[in-house]
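1. Return atomic coordinates for the entry below.
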Amino acid sequence: MSSEFVLNKLDITDNDIKKLRSYRLSSLRTQMELNNIDACILSDAVNIRYATDARNMQIFTSRNSPSRYLILTNNKSILFEFKGCEHLSDHLSTIDEIRTSSTASFVASGHNIKIKEKEWVKDISNTLINLIGVKKTIGLERMNAAIGIGLQENGFKVVDAQLPIELARSIKSDEEIICIKNSLIATENAICELKESLMPGISENQLWSIFYKSIIEQDGDYCETRLLSSGEKTNPWFQETGKKIINQNELVAFDTDVVGCYGYYSDFSRTFHSGPDDPTKTQKELYNIAKDQVEHNINIIKEGMSFKEYSEKAWNIPDKYRANRYYLSAHGCGMTGEYPYLYHKNDYQESGYDGIIKNNMTLCVESYIGEKDGKEGVKLEQQILVKKNEIEILSKFPFEKKFLN
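-> Below is the predicted model:
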């Protein structure tokens, strides 16, 4: 690994982890109470981990839902764990009881799916009645339509669980911030390995695999996307990593999107140059414009600012780059990308919503600069922490000096 930029992880104790778990569970229950929700049934693996810190087959169980789910009330937490995995969460004080889940999916049930769904609803309804009584409000997420309908037919009021979950997740405890920083440190060290390996002749897939290997070796979970592209594939953005060979003097743009250490997201973007020559004037121009956008928008953010005020003051994208702009100006970041979304001024009327930027929110400030039908583009992004009197930049990996004016 390059000695140019290597960071050591911060200390976090077992007591810190206990406090983190207690804070997250308490925050979610507080939001449930504020929104008059008597119980939540969570099936998104990230949200189950947020509430309990139980980690198991996160991608598989999110795709095959409901196969692993959590019932949470104001005083009870029951994890329905995938069959054969019940022992994995025995040590967690955030879980009062572990039961074996029942997978109500077509893959698991075939043409008996309707029967399976009715059995699932009956079992969960009986559990809920024993926990909270009849005719109560249930927050539900990522479930089959028939399950929601069945719970309503059994007398429950069904609402969306996203609201309390996202509001709880948006404000970080001190222990969460340490975990986020450690996740970023691991990702930045992995980027060092990626950058050392970047040279003309290597494929995007090969370069990507070096990064991913380092993430796993440092106990990260997985990458949510495959956003490493080079040359003409950098414009427009969102072209996935592939077999393309990186040629001489191309831009190589990269978005980390890592669900990393302790399950926390490290999300920042950098653009490199493959060499051997210096970047061209056009490449430098794209880079510096993207950097200006990110830095301007970080500088206007402050605690207490409304989302609408942020959009009004955010950097105005020049006309020739507007068509290919990144769809957001900034977004929340915790265990994945999350609430809030902050929109560009020109997009606020159609897509925006209001709210307040609060202390201990972690945000990612975005930029993509590339002309429509242009040859290349630059992706930059910084992850930040909002404090009462300042903004702390959490992503420490430096911008590329060879691009800077």
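
2. Surely Lys243 touches Glu204?
-> Yes. If you go by CB atoms under 8 Å, Lys243 and Glu204 touch, sitting 7.2 Å apart. Using the backbone N, CA and C atoms, a C-beta is placed for each residue, glycine as well.

3. between the two, which one's more packed in?
-> Counted by other CB atoms under 10 Å, Lys243 and Glu204 do not tie: Glu204 has more neighbours, with 23 against 8.

4. Excluding covalently adjacent residues, which one is nearest to the more buried one?
-> Spatial nearest neighbour of Glu204, chain neighbours left out: Thr241 (4.6 Å); criterion: CB to CB, 6 or more residues apart in numbering.

5. What separation is there between the one you found and Gly148?
-> Per CB to CB, to the nearest Å, Thr241 is found 37 Å from Gly148.

6. Of the two, which one has the most company?
-> It is Thr241, of Thr241 and Gly148, that has more neighbours when counted by other CB under 10 Å, with 23 against 18.

7. Dihedrals phi and psi, that one?
-> When read as degrees, to the nearest 10, the backbone of Thr241 gives phi -60, psi 140.

8. what about the helices in the stretch 201-350 of the chain?
-> Counting by DSSP state H, counting those that start in this stretch, the stretch 201-350 of the chain has helices at residues 204-217, 281-300, 307-313, 319-322, 345-351.

9. just so I know, which of the ones you listed lies nearest Gln31?
-> helix 307-313 (18.6 Å; CB to CB).

10. got the CA coordinates for the closest one in CSV?
-> What follows is helix 307-313, C-alpha atoms only, in CSV (Å, rounded to 0.1, in the frame of the first residue of the first chain):
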residue,chain,number,x,y,z
PHE,A,307,-33.5,22.0,2.6
LYS,A,308,-35.2,24.7,0.4
GLU,A,309,-32.7,27.4,1.5
TYR,A,310,-29.8,25.0,0.6
SER,A,311,-31.3,24.5,-2.9
GLU,A,312,-31.6,28.2,-3.4
LYS,A,313,-28.0,28.9,-2.4
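
11. And the longest helix belonging to the chain, what's buried?
-> Longest helix in the chain by number of residues (criterion: DSSP state H): helix 174-197. Across helix 174-197, burial judged by 16 or more other CB atoms under 10 Å covers 175-195.

12. what's the answer for stretch 342-361, then?
-> Leu342, Tyr343, His344, Lys345, Asp347, Tyr348, Gly352, Gly355, Ile357, Asn360, Met361.

13. Next one: the fifth one, what pLDDT does it get?
-> Here the pLDDT value assigned to Asp347 is 96.

14. how's this protein carved up into domains?
-> Domain assignment for the chain by automatic domain parsing gives 14-169, 172-403.

15. Of all those, which one comes closest to Leu7?
-> Taking the domains of the chain one by one with CB to CB, domain 172-403 is closest: 4.4 Å.

16. Need the distance between the two termini of the closest one.
-> 34 Å (CA to CA, to the nearest Å).

17. just how off-centre is it within its chain?
-> 13 Å (CA atoms, centre = their mean, to the nearest Å).

18. can you tell me how far Val258 sits from Val386?
-> 21 Å.

19. So between those two, which is more surrounded?
-> Using other CB under 10 Å, the more surrounded residue of Val258 and Val386 is Val258, with 27 against 21.

20. Give me the below-cutoff pLDDT ranges for the stretch 51-200 of the chain.
-> For the stretch 51-200 of the chain, no stretch is flagged by pLDDT under 70.

21. which stretches of it form strands?
-> Under the criterion DSSP state E, counting those that start in this stretch, strands of the stretch 51-200 of the chain are mapped to 69-73, 77-81, 97-100, 137-140, 157-160.
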